[in-house]
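**Q** Using only what follows, build the 3D model:
(one chain, ligands or ions: 1)
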Amino acid sequence: MNKVYAAFRSVGSYIPKNILTNEDLEKMVDTSDEWITKRTGIKTRYIADKDESTSDLGAKAAKKAIKRASLKIDDIDMIICATISPDYLCMPSTACMIAKKLGISNRPSFDISAACSGFIYALAMAKSFIESRMAKNVLIIGSEKLSAIVDWSDRSTCVLFGDGAGAAVVGATKNRDEAIIDINISADGNYYDYLITPGCGSSKPCSEESLKEHACYIKMKGNETFKVAVKTLTTDVKKLLQKNDIDTKRVDYFIPHQANYRILSAVSQALKLKESQVVVTVSKYGNTSSASIPMAINDLYEEGKLKPNDLMLLDAFGGGFTWGSALVPFSPLI
Ligand code: UT7
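**A** From the prediction side, this is the model:
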């Protein structure tokens, strides 16, 4: 039997309409535009409406991706949603909610929890399901309403995050030139408490006490996370490039997870990438966790910069700790 490969066919994103600037945050907590800009590169982020959920954002991004893949809703045979801000804490999955909103039923739909690395994890799963012939067209989504799990009284985290969604269709192909070249995903649970929502799970169930302690919100050991992120990402991406014998000169776009401009610029410098190769959206959107990479790819696409056969190098790092990198040609069906 001929081998089947997985191709990255299309992308879409959705950005909520409410903008939150650094100046707005100055009125909410003891911070300044100067501190946020210097330490993170973030200027603005977008916040979903009260009645907009993570699946609403995800479904809107997904619709665009499906249309751009020239597929009908019925052609999608699997939905994987990466999120740390699901519509419902335990069930149903946000992927099931997205499926309902898209009018897709009788298809496997599930969430994965890999924090900011979620999109690359979802891409790896889509690739595996396609290569094993269990699926032909997998819809992958990174969608986050982080404003719902941010502690708006904690200046060390609330200035960092934003809401948004990105989606992609990964499809089967027999043409190896179109195929995703390689993906690496990994994790180290020894760092579980560096980036954590400590409350309202089974280890500390929701209670008056956990609510009082703001334990259901994101807590981060920022500086320690920063250091591990830079080191791990640099090593991980170098390994992926070496394994596939690909020089950074061949990479058209380096699209890292957008947590902090200082992290992505340190990694880009260590990889000796040119500024023109590095995609930066953190200034506009802040850190949108699993959504940041597909949102960045979508911006490139909508700006007319992403062309068929362009080689994308993706990388991400997040809570868990989890991390991953991927070498992905853009292979739309033309
Ligand atoms: O997306 C998943 C992975 N996430 C990341 O990789 C994020 C990693 N971490 C970071 O991006 C950075 O560590 C932060 C942006 C979170 C923080 O930057 P930093 O340069 O590591 O600052 P810091 O935490 O060491 O804090 C420096 C100072 C502290 O004051 P003192 O102790 O020096 O007096 C903080 O209290 O900055 C203070 N600070 C703030 N000041 C004004 C912390 N947050 C703020 C704030 N405004 N919002």
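**Q** residues from the stretch 51-200 of the chain in reach of the ligand?
**A** Cys116, Arg155, Ser156, Val159 (CB under 6 Å from any ligand atom). All C-beta spots, glycine's among them, are computed from the backbone N, C-alpha and C.
**Q** tell me the contacts of Ser143?
**A** 54-55, 57-58, 61, 81-83, 94, 98, 164-167, 290-291 (CB atoms under 8 Å, 6 or more residues apart in numbering).
**Q** what about dumping the CA coordinates of the longest helix along the chain to PDB?
**A** Counting residues, the longest helix found in the chain (DSSP state H) is helix 222-243. Written as PDB, here are the backbone C-alpha positions of helix 222-243 (Å, rounded to 0.1, in the frame of the first residue of the first chain):
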ATOM      1  CA  GLY A 222       7.600  33.900  35.400                       C
ATOM      2  CA  ASN A 223      11.300  34.400  35.600                       C
ATOM      3  CA  GLU A 224      12.100  30.700  36.200                       C
ATOM      4  CA  THR A 225       9.800  29.700  33.400                       C
ATOM      5  CA  PHE A 226      11.500  32.200  31.100                       C
ATOM      6  CA  LYS A 227      14.900  30.700  31.600                       C
ATOM      7  CA  VAL A 228      13.800  27.100  31.000                       C
ATOM      8  CA  ALA A 229      11.800  28.200  28.000                       C
ATOM      9  CA  VAL A 230      14.700  29.800  26.200                       C
ATOM     10  CA  LYS A 231      17.100  26.900  26.900                       C
ATOM     11  CA  THR A 232      14.600  24.200  26.000                       C
ATOM     12  CA  LEU A 233      13.300  25.800  22.800                       C
ATOM     13  CA  THR A 234      16.700  26.500  21.400                       C
ATOM     14  CA  THR A 235      17.900  22.900  22.000                       C
ATOM     15  CA  ASP A 236      14.600  21.400  20.800                       C
ATOM     16  CA  VAL A 237      14.500  23.400  17.500                       C
ATOM     17  CA  LYS A 238      18.300  22.800  16.800                       C
ATOM     18  CA  LYS A 239      17.700  19.000  17.300                       C
ATOM     19  CA  LEU A 240      14.700  19.000  14.900                       C
ATOM     20  CA  LEU A 241      16.700  20.900  12.200                       C
ATOM     21  CA  GLN A 242      19.700  18.600  12.600                       C
ATOM     22  CA  LYS A 243      17.700  15.400  12.500                       C
END
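**Q** Now do that helix: which elements does it pack against?
**A** Contact here means 3 or more CB pairs under 8 Å, 6 or more residues apart in numbering; DSSP states H and E; on that basis helix 222-243 packs against strand 182-187, helix 261-270, strand 311-318, strand 322-329.
**Q** how far does the shortest one sit from the chain's center?
**A** For strand 182-187, the distance between its averaged C-alpha position and the chain's averaged C-alpha position is 14 Å (CA atoms, centre = their mean, to the nearest Å).
**Q** who does whichever helix or strand comes after that strand pair up with?
**A** The C-terminal neighbour of strand 182-187 among helices and strands, as given by DSSP states H and E, is strand 195-196. Strand 195-196 has the following strand partners under DSSP bridges: strand 219-220 (antiparallel).
**Q** Check this structure for the residue nearest the ligand and tell me.
**A** Proximity of the chain to the ligand (CB to the nearest ligand atom) peaks at Gly222, 2.9 Å away.
**Q** Apart from its neighbours in sequence, what residue is nearest that residue?
**A** The shortest distance from Gly222 to any non-neighbouring residue, by CB to CB, 6 or more residues apart in numbering, is to Ser156 (6.0 Å).
**Q** Tell me which helix or strand in the chain has the weakest average pLDDT.
**A** Taking mean pLDDT, DSSP states H and E as the measure, the helices and strands of the chain show their lowest mean at helix 208-212, namely a mean of 92.
**Q** thinking again about what came up before, Serialize the helices and strands packed on helix 222-243 to TSV and add fields for mean neighbour count and mean pLDDT.
**A** Listed next are those as TSV, based on neighbours: other CB atoms under 10 Å; pLDDT from 0 to 100:
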stretch	mean neighbour count	mean pLDDT
strand 182-187	18	98
helix 261-270	19	96
strand 311-318	25	98
strand 322-329	24	98
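**Q** Among the ones you listed, which comes closest to Ala172?
**A** Smallest distance to Ala172 across the helices and strands packed on helix 222-243 (CB to CB): 14.9 Å, for strand 322-329.
**Q** got the contact list for that closest one?
**A** Contacts with strand 322-329, where a contact means CB under 8 Å, 6+ apart, come from 7-8, 114-118, 120-121, 123-124, 177-187, 232-233, 236-237, 240-241, 244, 246, 309-317.
**Q** Tell me the strands beside the host helix or strand of Ala172, with direction?
**A** Here Ala172, judged by DSSP H and E, is contained in strand 163-173. Sheet pairing here is set by DSSP bridges, and for strand 163-173 it gives strand 5-14 (antiparallel), strand 137-145 (antiparallel).
**Q** and these, which is most packed in?
**A** Neighbour counts (mean count of other CB atoms under 10 Å) averaged over each of the strands paired with strand 163-173 peak at strand 137-145, with a mean of 32.
**Q** nearest spatial neighbour of Leu300, skipping sequence neighbours?
**A** Closest residue to Leu300 apart from its sequence neighbours, by CB to CB, 6+ apart: Leu306 at 4.2 Å.
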